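[1] From the sequence below, what's the structure:
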Amino acid sequence: MSPKVTTLLLLLSSLFAFLQATSGAGPQDVGVCYGSFGNNQPSAQEAVPLAQSMKIRRMRLYSPDRNALQALRNSGIEVILGVPNDHLHWVASDQRNAHEWVQGNVIDYSNVNFRFIAVGNGITPFHSQNARFAQFLLPAMQNIRNALSAFGLQNRIRVSTAIDQSEVLAQSFPPSSGNFRPEVRQFIQPIIQFLVKTGNTPLLVNLHPYFSYIHNKQDIPLQINKGKGNRDARLDYALMRSSNMLVQDAWLRYTNAFDAMVDSVHSAMEKVGGNSLDIVVSEVGWPTAGGPAASNQNAETHNNNLIRHVRNSGTPKRPKKRIETYIFSMFDEDRKSEENLRHWGIFWNNKQAKYRINF
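    Below you'll find the predicted structure:
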């Protein structure tokens, strides 16, 4: 091979790698949620090297855990950092408070690679547990954004919020009919406008096909009743285990619940002026115990199928747009209030993987 051809191939290889990095393609598309609401979990100083050893290159923190942030210094892992719901009133009430929050949790960790600040998690104006935070969400987002701008970081670190797909949509099936609840629309539309105005920042979305499956929610229609052999077709659809079209929505064909749930949010956003926005799936996974269909085998099937899917394709509605995705969760969290929320970990507390998973 001539030197010119070799040089050309090297240049093409470098260009391909650059395009992968800048388009969000490649193994870094899939991250992991790192919640610490459990007893006897490995320390952050153990958890971060474990993530690195598994080639996990993105991580979501629900709050500014000092130990985790310290461990993430110079790790190469990109981070979504959460502003907890109970901090929103303080952050929203005074720009100086937001400046202090950013100083203490972002600027003081300048060698942590922050990707997003997720202001609030799962807030809706009607939910009994977090409705009291709804009025503070957008002002808190604006103040955090202003504080980042004061430090010159507004183009490097994006400000968004994480919503729960099942909580905010009045309709999600078929996906093209996705629509925000009437009581949510007035709350979410200014947030969508804020995201559009700040450079089309993606909306973070928590979604869980598992709960749609066990609670017979509309995302997984009951009329899906023909599985392979004696298998449950609804479970196949939830586990991303079928390659056949199971749901048709006009000209769009769906083989799995994940795509349908993502596209239902795309459709809802389009109806409130969010046509230009992308979605980051900030929470999705499958439990290994604690409820129907919860098992190591099903979690392995779902999560590996998910990783392969989001690394290689988009949704039927946006087939060329790969979806940045975070698997819930790194470890079990036995201090959660409900049994079926306690067993979503990929790893046991001894740092051994519960099942084979390939990031």
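[2] wait, doesn't residue 40 sit right on residue 350?
    No - look at residue 40 against residue 350 with CB atoms under 8 Å: they stay out of range, at 9.5 Å. All C-beta spots, glycine's among them, are computed from the backbone N, C-alpha and C.
[3] how about the helices in the stretch 51-200 of the chain?
    Using DSSP state H, counting those that start in this stretch, the helices of the stretch 51-200 of the chain run over 66-71, 88-93, 95-105, 134-150, 165-168, 182-197.
[4] Please export the C-alpha coordinates of the shortest one as CSV.
    Put plainly, it is helix 165-168. Extracted C-alpha coordinates of helix 165-168, given in CSV (Å, rounded to 0.1, in the frame of the first residue of the first chain):
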residue,chain,number,x,y,z
GLN,A,165,-43.3,10.0,30.6
SER,A,166,-46.1,8.1,32.3
GLU,A,167,-46.9,11.1,34.5
VAL,A,168,-47.1,13.9,32.1
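[5] And the contacts of it?
    For helix 165-168, the surrounding residues in contact (CB atoms under 8 Å, 6 or more residues apart in numbering) are 122, 124, 127, 172, 180-181, 184, 188, 205-208, 211-212, 217, 219, 261, 264-265, 268.
[6] Pull out the buried residues from those residues.
    122, 124, 172, 180-181, 184, 188, 205-208, 211-212, 217, 219, 261, 264-265, 268 (16 or more other CB atoms under 10 Å).
[7] What mean pLDDT does stretch 255-262 get?
    Stretch 255-262 comes out with an average pLDDT of 97.
[8] Please read the previous query as pertaining to stretch 143-152.
    Mean pLDDT, stretch 143-152: 98.
[9] Sort out which residues of stretch 80-100 are buried, please.
    80-83, 85, 87-88, 91-92, 95, 97-99.
[10] measure that stretch end to end?
    19 Å (CA to CA, to the nearest Å).
[11] ok, now stretch 107-114?
    10 Å.
[12] go on, stretch 186-205?
    Termini of stretch 186-205 sit 18 Å apart (CA to CA).
[13] which residues touch that stretch?
    80, 116, 118, 124-125, 134, 137-138, 141-142, 145, 154-155, 158-165, 168, 180, 262, 265, 269, 272-274, 276-282, 324.
[14] Quick one: mean pLDDT for it?
    Averaging pLDDT along stretch 186-205 gives 97.
[15] wait, doesn't residue 88 sit right on residue 136?
    Yes - Residue 88 lies in contact with residue 136 (CB under 8 Å); the separation is 4.1 Å.
[16] on that earlier part again, check the buried residues of stretch 80-100 and tell me the two furthest apart.
    The largest separation in the buried residues of stretch 80-100, counting by CB to CB, is between 80 and 95 at 22.9 Å.
[17] report the longest strand in the protein, please.
    In terms of residue count, the longest strand belonging to the chain (DSSP state E) is strand 113-121.
[18] Tell me the helices and strands packed up against it.
    strand 78-83, helix 88-93, helix 134-150, strand 158-164, strand 203-206 (3 or more CB pairs under 8 Å, 6 or more residues apart in numbering; DSSP states H and E).
[19] Turn the ones you listed into TSV, columns for distance to residue 103.
    What follows is these, written out as TSV (distance: least, CB to CB, whole Å):
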stretch	distance to residue 103
strand 78-83	13
helix 88-93	12
helix 134-150	8
strand 158-164	16
strand 203-206	23
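[20] ok, now how distant is the most centrally placed residue in the chain from residue 327?
    Geometric centre of the chain, nearest residue: residue 282, 1.3 Å, by CA atoms, centre = their mean. The gap separating residue 282 from residue 327 is 10 Å, by CB to CB, to the nearest Å.
[21] quick one: common contacting residues for the two?
    With CB under 8 Å, 6+ apart, residue 282 and residue 327 have common neighbours residue 33.
[22] how about the strands of the stretch 251-359 of the chain, start to end?
    Ranges of strands within the stretch 251-359 of the chain are 252-254, 279-284, 325-327, based on DSSP state E, counting those that start in this stretch.
[23] Would you format these as JSON lines with distance to residue 243 included?
    JSON lines is the format used below for these (distance: least, CB to CB, whole Å):
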{"stretch": "strand 252-254", "distance to residue 243": "11"}
{"stretch": "strand 279-284", "distance to residue 243": "20"}
{"stretch": "strand 325-327", "distance to residue 243": "20"}
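[24] Now, of the contacts of stretch 186-205, which are buried?
    For the contacts of stretch 186-205, a neighbour count by 16+ other CB under 10 Å gives the buried set as 80, 116, 118, 124-125, 134, 137-138, 141-142, 145, 154, 158-165, 168, 180, 262, 265, 269, 272, 274, 277-282, 324.
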